[in-house]
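K.L.:
Provided below are the primary sequence and the corresponding predicted coordinates.
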Amino acid sequence: MATLELRNVNKTYGSGLPDTLKNIEIAIDSGEFLILVGPSGCGKSTLMNCIAGLEDISGGAILVEGQDISGMSPKDRDIAMVFQSYALYPTMTVRDNIAFGLKIRKMAPADIDTEVARVAKLLQIEHLLARKPGQLSGGQQQRVAMGRALARRPKIYLFDEPLSNLDAKLRVEMRTEIKLMHQRLKTTTVYVTHDQIEAMTLGDKVAVMKDGIIQQFGTPQQIYNDPANLFVASFIGSPPMNFIPLRLQRRDGQLWALLDSGQARCELPLGAMEEGLESREVILGIRPEQIGIAQGGDGSLPSIRAEVQVTEPTGPDTLVFVELNQTKVCCRLAPDAAPQVGASLELQFEPSKVLLFDAQSGERLGLLGAARPQERAAKVAQLKGR
Ligand SMILES: Nc1ncnc2c1ncn2[C@@H]1O[C@H](COP(=O)(O)OP(=O)(O)OP(=O)(O)O)[C@@H](O)[C@H]1O
Ligand SMILES: [Mg+2]
């Protein structure tokens, strides 16, 4: 177990090339599970390779337990990594691939056997131990790569998309196993994934990255409920958040957003908020599950009548699409409430769940201040000071 801190880490693969990592600031506590997400090519594997010592950083520092390890060779860092490309030893059997790291650490043969048996059972590869990597499917190779890391007890685990090649069922099983194992061992972990559910369920903290820049670093709940900008809001959540471009109006000392379904209009009260917003183009963000059907109650929440254009039953819930301000809007409804195409629905919104973004810069406007850049910086500083 160890704390991990990335201080202003920069990486360029050569002069003339754009920086691949830009001023990365992340600090996690001993035993925490950090999820790293972002689009392909944003620098996730590069960051993992820098932490493991397989790539040199071009600036900044990487600290484990407060000690700068950036100059240390990979073998001295006591970090176990599962590569996106597996990187198995092709001439060794699965058993020897898993045992390799233990042998060079001079573990007793009987203990090695116990450890290999433990991870093989965990990863459901007991029947493959005598095979060579070339005789395995992609998903099987991926589990062997995982086994090789899990057989060790390093200070830090780095997992680069370790479940990406598994089928859906096995993937869900492995996710639960990884969570159980982490609860038991509490080894500090950095885990790259494209999977929304893995990001939300496994992570104590999530870092969302784009173009080599950390867009937001926080708990899964902060990232989901309080996204710092339009990119984070659109990247996390499935189905994604709805974005409705509009202009705001100021009246009676507060701002209002006007929604128009073609059948009806409704005004959402957005509270006081800073001056000048009414002249800006903004984007109103609302998650599909925050739109409900008005039950004819006391009418205390704003509501609007809209025509159902498409329905998509997913099983546990039904996605219903309507049009607001000429933008397709997804509502996530209980299957028994799901109406027919062409039906007219009275939809209601909780104004406090509505987010606002600047249409030009994508930055969050007003509302929950924690997502503002300066407060994010303060939070990072606070984490670093621990
Ligand atoms: N050895 C290298 N030399 C030059 N550029 C590189 C090198 N390795 C990676 N890059 C570039 O750095 C950027 C980040 O690559 P990286 O592999 O870190 O992305 P990633 O976020 O892991 O993507 P993916 O989700 O597809 O795995 C890419 O533009 C890539 O082309
Ligand atoms: Mg990668």
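P.N.:
Done, it's in. Ligands and ions are numbered 1, 2, ... in the order given.

K.L.:
could you use CA atoms for every contact and neighbour count after this?
P.N.:
Fine.

K.L.:
residue 224 falls within a helix, correct?
P.N.:
Yes - assigned with DSSP: H, G, I helix; E, B strand; the rest coil, residue 224 falls within a helix.

K.L.:
please verify my assumption that it contacts residue 236.
P.N.:
Yes - contact status for residue 224 versus residue 236: in contact at 6.5 Å, counting by Cα atoms under 8 Å.

K.L.:
those two: which is more packed in?
P.N.:
Set residue 224 next to residue 236 and count neighbours by other Cα atoms under 10 Å: residue 236 wins out with 23 against 19.

K.L.:
hmm, residue 197 and the more buried one touching each other?
P.N.:
No - in this structure, residue 236 is not within contact of residue 197 by Cα under 8 Å, at 9.6 Å.

K.L.:
in contact with residue 300, which residues are there?
P.N.:
Taking Cα atoms under 8 Å, 6 or more residues apart in numbering, we find residue 300 in contact with no residue.

K.L.:
just residue 348 next, same as before
P.N.:
291-294, 301-304.

K.L.:
quick one, which of these are buried?
P.N.:
291-294, 302-304 (16 or more other Cα atoms under 10 Å).

K.L.:
per-domain residue ranges of the chain.
P.N.:
4-235, 242-384 (automatic domain parsing).

K.L.:
any chance of the ones you listed in a markdown table, plus mean pLDDT?
P.N.:
Conversion of the domains of the chain to a markdown table gives the following (pLDDT from 0 to 100):
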| stretch | mean pLDDT |
| --- | --- |
| domain 4-235 | 94 |
| domain 242-384 | 84 |
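
K.L.:
reformat those domains as a markdown table; add distance to ligand 1.
P.N.:
What follows is the domains of the chain, written out as a markdown table (distance: least, Cα to the nearest ligand atom, whole Å):
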| stretch | distance to ligand 1 |
| --- | --- |
| domain 4-235 | 3 |
| domain 242-384 | 21 |
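
K.L.:
most packed of these?
P.N.:
Between the domains of the chain, domain 4-235 has the highest mean count of neighbours, a mean of 19, where neighbours are mean count of other Cα atoms under 10 Å.

K.L.:
ends of it, what's the gap?
P.N.:
End-to-end distance for domain 4-235: 25 Å, by Cα to Cα, to the nearest Å.

K.L.:
chain center to the helix or strand harbouring residue 102: distance?
P.N.:
Per DSSP states H and E, residue 102 falls inside helix 94-104. Distance of helix 94-104 from the chain centroid (Cα atoms, centre = their mean, to the nearest Å) equals 32 Å.

K.L.:
after that helix comes which helix or strand?
P.N.:
Downstream of helix 94-104 (by DSSP H and E), the next one is helix 109-122.

K.L.:
contact partners of the helix or strand following that next one?
P.N.:
Remark: after helix 109-122, the chain's next helix or strand is helix 138-150, criterion DSSP H and E. Helix 138-150 is contacted from outside by 80-83, 86-88, 94, 97-101, 116, 119-120, 123, 125, 133, 157, 162-163, 165-167, using Cα under 8 Å, 6+ apart.

K.L.:
same question, stretch 68-77
P.N.:
Contacts of stretch 68-77 (Cα under 8 Å, 6+ apart): 51-54, 56-57, 61-63.

K.L.:
would you reformat these as JSON lines and include secondary structure?
P.N.:
Compiled in JSON lines, the contacts of stretch 68-77 are given as follows (three-state DSSP):
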{"residue": "51", "secondary structure": "helix"}
{"residue": "52", "secondary structure": "helix"}
{"residue": "53", "secondary structure": "coil"}
{"residue": "54", "secondary structure": "coil"}
{"residue": "56", "secondary structure": "coil"}
{"residue": "57", "secondary structure": "coil"}
{"residue": "61", "secondary structure": "strand"}
{"residue": "62", "secondary structure": "strand"}
{"residue": "63", "secondary structure": "strand"}
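
K.L.:
before we move on, the earlier item: closest to residue 330 among the buried ones among the contacts of residue 348?
P.N.:
residue 291 (8.5 Å; Cα to Cα).

K.L.:
longest helix of this structure?
P.N.:
helix 168-185 (DSSP state H).

K.L.:
just the helices in the chain please.
P.N.:
Under DSSP H, the chain gives helices at 44-52, 94-104, 109-122, 138-150, 168-185, 196-202, 220-225, 230-235, 373-384.

K.L.:
would you reformat those as a markdown table and include distance to residue 324?
P.N.:
Formatted as a markdown table, the helices of the chain follow (distance: least, Cα to Cα, whole Å):
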| stretch | distance to residue 324 |
| --- | --- |
| helix 44-52 | 36 |
| helix 94-104 | 55 |
| helix 109-122 | 49 |
| helix 138-150 | 43 |
| helix 168-185 | 35 |
| helix 196-202 | 27 |
| helix 220-225 | 22 |
| helix 230-235 | 18 |
| helix 373-384 | 30 |
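
K.L.:
and of those, who's closest to residue 269?
P.N.:
helix 220-225 (19.2 Å).

K.L.:
how about residues contacting the closest one?
P.N.:
By Cα under 8 Å, 6+ apart, helix 220-225 touches 199-200, 203-206, 216-217, 232-233, 236-237.

K.L.:
most widely separated two among those?
P.N.:
204 and 233 (18.6 Å).
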